[in-house]
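> got a sequence here, can you model it:
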Amino acid sequence: MIVEHAEINVTPGREDEFVAAFPQARAVLSQADGFRWAELHRGVERTSTFLLLVGWDTLAAHVDGFRSSDLFVQWRAIIGPFFAEPPRVEHYAAVTAGVRPVEA
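As a prediction, this is how the structure comes out:
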């Protein structure tokens, strides 16, 4: 599995709108082949900065599949208007296995 790490800087003053729009964007994202899970975290020190973590089966599922699909266009139309600048995206592969808590 690959984890996409995207740092998203939202236009100041639009943070709550971004958070409200995210469930709709996540619903689109979850339709992508190779999608496993997604988490959105808000910066404590920089409250206009968000960290999006997405689990993918493979790097290709994200880069070649989702990023070149109509789903990406839909995703970007929902949350892209809130971006202060293009997100910084990197991908990570697990070095150690962890235990993820079960969400209620």
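> ranges for the strands of the protein?
Along the chain, counting by DSSP state E, strands occupy 2-9, 35-42, 49-56, 88-93.
> wait, residue 84 sits on residue 48?
Yes. Using Cβ atoms under 8 Å, residue 84 is in contact with residue 48, at 7.1 Å. (Glycine included, C-beta is placed from N, CA and C.)
> quick one: list the elements packing against the longest helix along the chain.
Ranked by residue count, the top helix of the chain under DSSP state H comes out as helix 15-29. For helix 15-29, the packing partners by 3 or more Cβ pairs under 8 Å, 6 or more residues apart in numbering; DSSP states H and E come out as strand 35-42, helix 70-79.
> how about JSON lines for those, with distance to residue 3 added?
Output for those, formatted as JSON lines (distance: least, Cβ to Cβ, whole Å):
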{"stretch": "strand 35-42", "distance to residue 3": "9"}
{"stretch": "helix 70-79", "distance to residue 3": "17"}
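> that older thread, want to throw the strands of the chain into CSV with mean neighbour count and distance to residue 76?
As requested, these are exported to CSV (neighbours: other Cβ atoms under 10 Å; distance: least, Cβ to Cβ, whole Å):
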stretch, mean neighbour count, distance to residue 76
strand 2-9, 18, 12
strand 35-42, 15, 15
strand 49-56, 18, 13
strand 88-93, 11, 13
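> quick revisit: residue 93 is nearest to which of the helices and strands packed on helix 15-29?
Among the helices and strands packed on helix 15-29, the nearest to residue 93 by Cβ to Cβ is strand 35-42 (13.6 Å).
> so which elements touch that closest one?
Strand 35-42 sits against helix 15-29, strand 49-56, with contacts defined as 3+ Cβ pairs under 8 Å, 6+ apart.
> now do the shortest one: distance to the chain's middle.
The one in question is strand 49-56. From the chain centre to the centre of strand 49-56 is a distance of 4 Å (Cα atoms, centre = their mean, to the nearest Å).
> work out the sheet partners of that strand and label each with its direction, please.
Paired strands of strand 49-56, with direction, are strand 2-9 (antiparallel), strand 35-42 (antiparallel) (DSSP bridges).
> so what's residue 62 up against?
Residues counted as contacts of residue 62 (Cβ atoms under 8 Å, 6 or more residues apart in numbering) are 2, 4, 34, 54, 56, 91.
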